[in-house]
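Undergrad: I would like the atomic coordinates for the input below:
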Amino acid sequence: MSETRVYIDPRTNIEYSAYYIQGLYEVFGRESVTFSMHHFATLPDYTNLNFIIRVGDSSVKYTIDYNDVCSVNKTAYAWCDWYGKINLRAGIFDDYQHKIVNIPPGFGIRIWGLLPSLWVCLRNMVQTGCYTKRFVSGYIKQIRHLPITAYTPDNAKPDYVFSFNTLWNSDEWIRNDETVNLMRYNFYNAITDQSGLQCEVGFSYSMNKNTNALFQKYASDTWIPKTEYLQKIKQSVLVFNTPAWDLCHGWKLAEYIASGKAIISTPLANELPFELIHGRHVHFVSGTETDIRQAIEQLLADNVYRQSLETGARQYYTDYAQPQAVIKRLLASCPVAL
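TA: I've put the predicted structure just below:
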């Protein structure tokens with residue numbers, strides 16, 4: 001039987017690729033996955049995760065587009081056999097449908113410790129000639145994340161809510177103040193109105209500071225380490241999700257379903273390969289403060305319903321969104337028997 005080998009373009013952004021590399025490790029084994037510039041020397045694009053699966057003389061080329069924007073990278077699309085895309089939006093990709101595989105969102109995880117990360121970074125720098133601060137920062141950020149095994153359900157506190165989010169900058173092209181920032185602001189107002197709850201909510205500034213006076217009530221300079229952040233998420237009796245930067249599927253959605261949380265969410269702008277069903281996986285609301293408040297009160301009052309949402313969210317992750325499930329979904333589209 002021919003040996004299966006997986007070759008990854010070493011120029012990829014490791015922080016954004018780690019989730020899918022973890023999936024490749026789980027499906028094929030770490031010993032079968034390697035970085036090799038040799039297989040991608042003619043490919044000028046490296047803004048996605050590009051990899052090749054080879055079995056004997058057969059090989060299939062894949063791209064995973066983990067970017068927030070709702071567009072296709074034409075160079076990578078022309079190169080690959082199958083194009084995994086997170087942020088699909090109806091009507092935008094009609095010219096590219098025959099290669100595109102809709103995949104659910106992931107999030108930042110750690111796949112190597114400090115010394116292995118430094119070794120992989122150094123080796124890939126030599127392979128690619130990428131000696132930039134941006135290249136190295138992906139490895140540093142990857143170390144600061146938690147392993148995928150940390151994202152498991154835990155018992156929530158019935159009187160505690162945690163929601164800490166980025167206050168995104170907003171302009172005439174990407175109107176975050178009218179979407180993600182406003183939805184989170186509405187949730188903060190609604191949740192802090194609830195009596196008997198300990199609420200820990202706030203906005204942290206992005207690199208481009210948003211100074212909109214409306215949101216400064218909840219602005220904070222607090223930095224929460226990732227371990228503490230995840231612990232607080234697990235302790236929170238419910239969580240709130242809304243499409244993030246430019247209406248993309250944010251990391252938080254994937255973190256919440258992995259952690260088995262009771263999720264209140266505004267409608268999703270982009271498509272998922274498998275529907276998140278209201279009342280089974282998530283509780284959808286319109287986004288108005290009144291609608292969010294009613295949902296909060298329902299979940300706080302109905303323990304059975306809230307716990308069913310927790311179970312449904314985790315089941316969705318197990319079935320569709322965990323790293324190996326994403327990779328297997330891509331492999332299912334493969335025209336070559338690997």
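
Undergrad: can you give me the strands for the protein?
TA: Assigned by DSSP state E, the strands in the chain fall at 4-8, 33-35, 49-55, 58-65, 82-85, 100-102, 160-167, 198-205, 219-220, 239-241, 263-265, 283-284.

Undergrad: So which of the ones you listed is the most surrounded?
TA: Using mean count of other Cβ atoms under 10 Å, the stretch among those with the largest mean neighbour count is strand 239-241, at a mean of 26. (C-beta placed from N, C-alpha, C; glycine too.)

Undergrad: so what strands line up beside that one?
TA: strand 263-265 (parallel) (DSSP bridges).

Undergrad: who touches the strand it pairs with?
TA: The contact list for strand 263-265, computed with Cβ atoms under 8 Å, 6 or more residues apart in numbering, reads 187, 238-242, 253, 256-257, 276, 281-285, 292, 295-296, 299, 309, 313.

Undergrad: nearest to Thr152, of the strands of the chain?
TA: strand 239-241 (15.3 Å; Cβ to Cβ).

Undergrad: residues making contact with the closest one?
TA: Taking Cβ under 8 Å, 6+ apart as the rule, strand 239-241 contacts 162-163, 183-184, 187, 191, 233, 250, 252-253, 256, 261-266, 282, 292.

Undergrad: In helices, which of the residues you listed fall?
TA: Judged by DSSP state H, those include Met183, Arg184, Phe187, Ile191, Ile233, Lys252, Leu253, Tyr256, Ile292 as members of helices.

Undergrad: Quickly note the distance from Ile64 to Ala190.
TA: Look at Ile64 and Ala190: by Cβ to Cβ, to the nearest Å, they are 36 Å apart.

Undergrad: ditto for His38
TA: Distance of His38 to Ala190, given as Cβ to Cβ: 55 Å.

Undergrad: shaky segments in the stretch 51-200 of the chain?
TA: Counting by pLDDT under 70, the ranges of the stretch 51-200 of the chain that qualify are 91-96.

Undergrad: before we move on, back to that, which of His38 and Ala190 has more neighbours?
TA: Ala190 (22 against 8; other Cβ atoms under 10 Å).

Undergrad: so what's that one up against?
TA: Ala190 touches Glu289, Ile292, Arg293, Ile296, counting by Cβ under 8 Å, 6+ apart.

Undergrad: Kindly reformat the residues you listed as TSV and extend each row with distance to Tyr305 and neighbour count.
TA: Output for the contacts of Ala190, formatted as TSV (distance: Cβ to Cβ, whole Å; neighbours: other Cβ atoms under 10 Å):
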residue	distance to Tyr305	neighbour count
Glu289	21	17
Ile292	16	23
Arg293	16	18
Ile296	12	23
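
Undergrad: OK, contacts around the nearest residue to Asn270 once chain neighbours are set aside?
TA: For Asn270, ignoring the flanking residues on the chain, the nearest one in space by Cβ to Cβ, 6 or more residues apart in numbering is Asn87 at 4.6 Å. Asn87 makes contacts with Asn67, Asp68, Val69, Cys70, Cys248, His249, Asn270, as judged by Cβ under 8 Å, 6+ apart.

Undergrad: At which residues are the helices of the protein located?
TA: Under DSSP H, the chain gives helices at 14-28, 74-79, 114-128, 133-144, 180-192, 226-235, 251-258, 289-301, 303-316, 323-331.

Undergrad: I'd like these as a markdown table, with distance to Asn50 appended.
TA: Below are the helices of the chain laid out as a markdown table (distance: least, Cβ to Cβ, whole Å):
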| stretch | distance to Asn50 |
| --- | --- |
| helix 14-28 | 10 |
| helix 74-79 | 6 |
| helix 114-128 | 12 |
| helix 133-144 | 15 |
| helix 180-192 | 29 |
| helix 226-235 | 27 |
| helix 251-258 | 21 |
| helix 289-301 | 40 |
| helix 303-316 | 28 |
| helix 323-331 | 13 |
